[in-house]
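Peer 1: Got a sequence here, can you model it:
(one chain, ligands or ions: 1)
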Amino acid sequence: MVTLQYYYYEYQVTAVAVTLVKCPLCGYEFDEGEHRWKHFLNDHTADDVPSPRSTVSDEREEPA
Ligand SMILES: [Zn+2]
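Peer 2: Numbering: from 1, shown residues only. Next up is the predicted model:
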């Protein structure tokens, strides 16, 4: 599960942002201003990301 936080703010411009609250791979909770990409770069490799095919069943329905 991916936990996201939605921000809406007005300063010199009005903007919205969506940011990760927890790492979806290990559950690490990010600090508010922490760069998310540094966690993925330093603590994960490409092998940590599940293959999209791993969530797809090999059994396919035959057309009727
Ligand atoms: Zn992680």
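
Peer 1: Can you give me the end-to-end span of stretch 27-45?
Peer 2: End-to-end distance for stretch 27-45: 15 Å, by Cα to Cα, to the nearest Å.

Peer 1: chain center to that stretch, what's the gap?
Peer 2: 10 Å (Cα atoms, centre = their mean, to the nearest Å).

Peer 1: Same question for that stretch: list its buried residues.
Peer 2: Buried residues in stretch 27-45, defined by neighbour count with 16 or more other Cβ atoms under 10 Å: 30, 39. Just so you know, the C-beta spots here come from the backbone N, C-alpha and C atoms, and that holds for glycine as well.

Peer 1: Contacts made by stretch 19-37 with the rest, please.
Peer 2: For stretch 19-37, contacts defined as Cβ atoms under 8 Å, 6 or more residues apart in numbering pick out 1-5, 7, 39-40, 43-44, 48-49.

Peer 1: Next step: the residues you listed restricted to helices.
Peer 2: Among those, the members found in helices (DSSP state H) are 39-40, 43.

Peer 1: Who are the contact partners of residue 17?
Peer 2: By Cβ under 8 Å, 6+ apart, the neighbours of residue 17 are 6-7, 9.

Peer 1: Now name the helix or strand holding it.
Peer 2: With elements taken from DSSP states H and E, the one containing residue 17 is strand 14-20.

Peer 1: among the contacts of residue 17, which are in reach of the ion?
Peer 2: Taking Cβ under 5 Å from the ion as the test, the ion is in contact with none of the contacts of residue 17.
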